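Undergrad: I'll drop the sequence and a predicted model, then ask my questions.
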Amino acid sequence: MNKAGIRSERRHDITPGIREALALKDPKGTTLEIFADCVFAPEEDTFTGIMPLKLGHIAYQCPDVAGIVKFYCDVLGFRVSDWRSDFFAFLRCSRDHHTVNFLREARTAIHHIAFEVRDWSDIRRASDLLAKNKIKLTWGPLRHIIGHNIAIYHKNPDGMVIEFFCEMDQMHDEELGFFEPRPWHQDRPQRPKVWGDDTPSNWWGPMSHSPNRSEAAATKPAGERERS
């Protein structure tokens with residue numbers, strides 16, 4: 001980090017299970033905490049709802065998407081999975097199609113937070129549980145094309161847009177350079193690429209065609225606006 005001119009510091013016990021991490025800020029001011037080891041919590045067999053498998057990705061909006069992508073790739077070792085035109089980037093640091101994505105918008109803010117669930121049946125159970133608690137979906141169920149994940153979206157009590165997803169594309173072999181083949185892929189093989197503005201955001205139905213950029217960048221969740 002010092003070679004790149006980035007200030008960092010060691011932090012301890014930042015969250016349960018993580019004893020030590022390296023903290024730094026990315027160019028848009030978001031604090032990143034990098035850790036190498038995690039102690040998992042004991043298995044809990046009481047069922048109180050849908051248990052996400054993990055925090056899947058965080059989507060941000062920011063003015064300089066190209067600059068942020070360069071930072072995450074050059075400094076932190078992320079890889080670009082896909083672009084939507086030149087204003088929406090999807091980056092990975094594992095097998096998952098994206099761990100972060102960045103959408104061009106004048107104001108810097110979190111766009112949505114996404115949690116991976118086990119499968120389609122958990123998407124259904126989550127939808128029923130949300131409805132039982134009078135929390136309406138803002139979009140979905142749907143299947144994206146960029147990343148190909150099945151997803152639903154809702155707002156939590158703080159007004160944050162939350163995505164639950166499953167079946168996201170996986171890059172199992174970086175040397176081969178294509179995502180694990182799926183029946184619903186548009187390309188054979190499906191490689192990282194730049195998708196056009198006319199790429200559908202929902203392969204299954206409503207929002208079958210892309211909105212303009214200002215609609216895609218909107219942070220207020222609504223069925224007619226872009227989500228990814």
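TA: Great, that's in hand.

Undergrad: buried residues, stretch 180-199. List them.
TA: Buried positions in stretch 180-199, judged by neighbour count with 16 or more other CB atoms under 10 Å: 190, 192, 195, 199. Just so you know, the C-beta spots here come from the backbone N, C-alpha and C atoms, and that holds for glycine as well.

Undergrad: what sits up against it?
TA: Applying CB atoms under 8 Å, 6 or more residues apart in numbering, the contact partners of stretch 180-199 are 79-86, 143, 145-146, 148, 167, 169-172, 177-179, 203, 209-210, 213.

Undergrad: what's the domain layout of this structure?
TA: Here the domain parsing of the chain from automatic domain parsing is 8-41, 49-216.

Undergrad: only alpha carbons, please: show the helix ranked longest in the chain as PDB.
TA: Ranked by residue count and defined by DSSP state H, the top helix of the chain is helix 120-132. Extracted in PDB, the C-alpha atoms of helix 120-132 (Å, rounded to 0.1, in the frame of the first residue of the first chain):
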ATOM      1  CA  TRP A 120     -34.900 -20.400  -5.800                       C
ATOM      2  CA  SER A 121     -36.900 -22.000  -2.900                       C
ATOM      3  CA  ASP A 122     -35.300 -19.600  -0.500                       C
ATOM      4  CA  ILE A 123     -36.200 -16.700  -2.800                       C
ATOM      5  CA  ARG A 124     -39.800 -17.800  -2.600                       C
ATOM      6  CA  ARG A 125     -39.700 -18.300   1.200                       C
ATOM      7  CA  ALA A 126     -38.100 -14.900   1.700                       C
ATOM      8  CA  SER A 127     -40.800 -13.300  -0.500                       C
ATOM      9  CA  ASP A 128     -43.500 -14.900   1.600                       C
ATOM     10  CA  LEU A 129     -41.900 -13.900   4.800                       C
ATOM     11  CA  LEU A 130     -41.400 -10.300   3.700                       C
ATOM     12  CA  ALA A 131     -45.100 -10.200   2.600                       C
ATOM     13  CA  LYS A 132     -46.200 -11.600   6.000                       C
END
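
Undergrad: what is the next helix or strand along the chain from that helix packed up against?
TA: Per DSSP states H and E, the first helix or strand lying C-terminal to helix 120-132 is strand 139-143. If you count contacts as 3 or more CB pairs under 8 Å, 6 or more residues apart in numbering; DSSP states H and E, strand 139-143 packs onto helix 120-132, strand 150-155.

Undergrad: tell me the strands beside the shortest one, with direction?
TA: According to DSSP bridges, strand 150-155 has the following sheet partners: strand 139-143 (antiparallel), strand 161-166 (antiparallel).

Undergrad: got the contact list for it?
TA: With CB under 8 Å, 6+ apart, strand 150-155 has contacts from 112, 114, 120, 123, 126-127, 130, 135-144, 161-167, 221, 227.

Undergrad: let's have the helices and strands packed on strand 139-143 in CSV, adding mean neighbour count and distance to residue 51.
TA: Listed next are these as CSV, based on neighbours: other CB atoms under 10 Å; distance: least, CB to CB, whole Å:
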stretch, mean neighbour count, distance to residue 51
helix 120-132, 15, 8
strand 150-155, 21, 16
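
Undergrad: got the confidence number for residue 13?
TA: On pLDDT, residue 13 comes in at 88.
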